[in-house]
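> Let's see this in three dimensions:
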Amino acid sequence: MTTVGPGPAPVTAPVEETDWVAALSIPGPERERALAELHGLLLRAARRQVQRTGAVTRDMAEELANQAADEALITLLGKLHTFEGRSRFTTWAYKFAVLQAATAVRTLAWQDREIHLDGLDLVADGRPGPGQYAEAADLAVAVRAALDTELSPHQRRIVLALLVDDVPIDVLAERLGTNRNALYKALHDARKRLRARLRATGFLDDHLQQDKAGRS
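Numbering: from 1, shown residues only. I've put the predicted structure just below:
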């Protein structure tokens, strides 16, 4: 009698050929494998993004990439239910790593830089210098007055940091102990108040703004 030995071990298909969302949602060996594969993908994406900046040493780049991949994985798992399948899952996941790596690089760049969160010393005082037009000087005075009278201290900090100092929003969120969405809302509200004040004082033409909006 011929004894038939065991056949070849079954080949496990890459997660991409199955259902990522299902694989990551059900506890067990399949989820662990999917997590390991996904983390590897996120790490490769983060490395590329960090290396593109050329702003850090090799050792620091690897540390930032690993940190970004870890945080991207946590964020992605929290948003797993939002994946709609409009693109490949790996393409969708890739963006999390790229965004997180870019944030990590910006945060490092601003780590030892001072952010002016008080006062309006960075805003033009409105006094015309050589070659400065009177209209520009008047507008600067109006903007500063609006900043002083229409905005809360918190809104002024946000406007100055984001629009004058060009502080990355994720860096400012960390310094203020808040989040990006809260800063976006505060900035939106501040801009709305400033526009209303400038319209009321004749420095912002509604018709001009509507014409620009119609052409955009």
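> alpha carbons only for contacts and neighbour counts from here, please
Will do.
> Next, the most centrally placed residue in the chain: secondary structure please.
In the chain, the residue lying closest to the centroid (Cα atoms, centre = their mean) is residue 170, at 5.9 Å. For residue 170, the secondary-structure state derived from DSSP: H, G, I helix; E, B strand; the rest coil is helix.
> residue contacts, the residue nearest to it when sequence neighbours are not counted?
Excluding its sequence neighbours, the residue lying closest to residue 170 (Cα to Cα, 6 or more residues apart in numbering) is residue 180, at 6.2 Å. Contacts here follow Cα atoms under 8 Å, 6 or more residues apart in numbering; on that basis residue 180 touches 169-170, 173.
> Any chance of TSV for the residues you listed, columns pLDDT?
Shown next, in TSV, are the contacts of residue 180 (pLDDT from 0 to 100):
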residue	pLDDT
169	78
170	80
173	84
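> returning to what we had before: wait, the residue nearest to the centre of the chain sits on residue 178?
No. Applying Cα atoms under 8 Å, one finds residue 170 not in contact with residue 178, separated by 9.3 Å.
> Let's have the contacts of residue 180 in JSON lines, adding distance to residue 69.
Formatted as JSON lines, the contacts of residue 180 follow (distance: Cα to Cα, whole Å):
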{"residue": "169", "distance to residue 69": "20"}
{"residue": "170", "distance to residue 69": "17"}
{"residue": "173", "distance to residue 69": "20"}
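> quick one: which of those is nearest residue 48?
The closest of the contacts of residue 180 to residue 48 turns out to be residue 170 (Cα to Cα; 20.6 Å).
> contacting residues for the closest one?
Here residue 170 is in contact with 103, 107, 179-180 (Cα under 8 Å, 6+ apart).
> So which residues of this structure form helices?
Using DSSP state H, the helices of the chain run over residues 20-25, 29-53, 58-78, 89-109, 134-150, 153-159, 169-176, 180-200, 206-215.
> looking at these, which has the lowest confidence?
Comparing mean pLDDT across the helices of the chain, the weakest is helix 206-215, with a mean of 48.
> Only the C-alpha atoms, please, for stretch 46-55, written as PDB.
Provided in PDB are the C-alpha atoms of stretch 46-55 (Å, rounded to 0.1, in the frame of the first residue of the first chain):
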ATOM      1  CA  ALA A  46       6.400  57.000   7.000                       C
ATOM      2  CA  ARG A  47      10.100  56.400   6.100                       C
ATOM      3  CA  ARG A  48       9.600  57.700   2.600                       C
ATOM      4  CA  GLN A  49       7.800  60.800   3.900                       C
ATOM      5  CA  VAL A  50      10.500  61.600   6.500                       C
ATOM      6  CA  GLN A  51      13.300  61.000   4.100                       C
ATOM      7  CA  ARG A  52      11.800  63.300   1.500                       C
ATOM      8  CA  THR A  53      12.200  66.300   3.900                       C
ATOM      9  CA  GLY A  54      15.900  65.700   4.300                       C
ATOM     10  CA  ALA A  55      15.700  67.700   7.500                       C
END
